Each structure stands twice: as structure tokens, then as C-alpha cells.
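Q: sequence and predicted structure, then a few things I'm wondering about:
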Amino acid sequence: MSTMPDQSPAAAAAPLPLLRLKRGEDRRLRSGHLWVFSNEIDNDATPLTGFATGAMVRLHSDRDQFLGYAYVNPPIAVLLGAMLLHEQFGLHEIGAMAVILVGVAIITTAKARR
């Protein structure tokens, strides 16, 4: 998953599903890391299986503090789902994954140059 700030008024008007982190798992995000790993998610409170691939969510800490917006879009999970569970996805989903991965690569490269 990647995190991103949201500036659009339309997104603020529409309620997004909540994704909650386990206790203490917000440290990396607060220090600038861009990803949330599946083992950091509180699956008892917000099971990952309850989200569609590519879903946008509100990301909260275990103390219910808003951390940002995220996409539930793990490329490896998508590929495994397609191979093992025969889940269907098309060009739209592949394009969305590519845009996210390119964006993260640009941000990571820019930070490395500083």
C-alpha cells in the first residue's frame, strides 16, 4: 500500500472505509516512509480481506489518529490472487498499479538525491 495526502473536496465529502494499524506500527509512516505492510494492519479491527483491490481508505493509528489516505493495492497480492484464486483484473487495475509504483519511484529517487 502507498500513502498520499488528499487535497480534493470531493474525496472529503465521500466517506472512505477505515484501515487501522496495529499498536506502534505508525512509527515508520510518521518518519516519512511511504508504504504500509500487511503485517502492520490490525486485521482483527479492519481485515484486509474486506477491501477491494485498489480501494482508497482512511488510514488510522491504533489510537484512532488520522495518518493519511492509502490505496489497498499490493501488486504481489494482486498477482497471487490472479494466479491462485483466479481473480479477474484488467488494464485499469494494471495501469493503476503502474502509476502508483512510478510515483513511489519518483519520490524515493528525489529523496535519495537530497
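A: That came in fine, so what should we check first?

Q: other SSEs contacting the biggest helix by length in the chain?
A: Across the chain, the helix with the greatest residue count (assigned by DSSP state H) is helix 91-113. Secondary-structure packing of helix 91-113 (3 or more CB pairs under 8 Å, 6 or more residues apart in numbering; DSSP states H and E): strand 2-4, helix 75-84. In this view, the C-beta of every residue, glycine as well, is placed from N, C-alpha and C.

Q: how many residues are close by the closest residue to Gly24 other than its chain neighbours?
A: Leaving aside its chain neighbours, Gly24 sits nearest to Asp62 (7.4 Å; criterion: CB to CB, 6 or more residues apart in numbering). Residues lying near Asp62 (other CB atoms under 10 Å) number 14.

Q: and for Leu84?
A: 8.

Q: in which helix or strand would I find Leu19?
A: strand 18-20 (DSSP states H and E).

Q: what lies in contact with that strand?
A: Residues from elsewhere that reach strand 18-20 (CB atoms under 8 Å, 6 or more residues apart in numbering): 36, 41-42, 45-46, 51, 57-62, 64, 70, 72.
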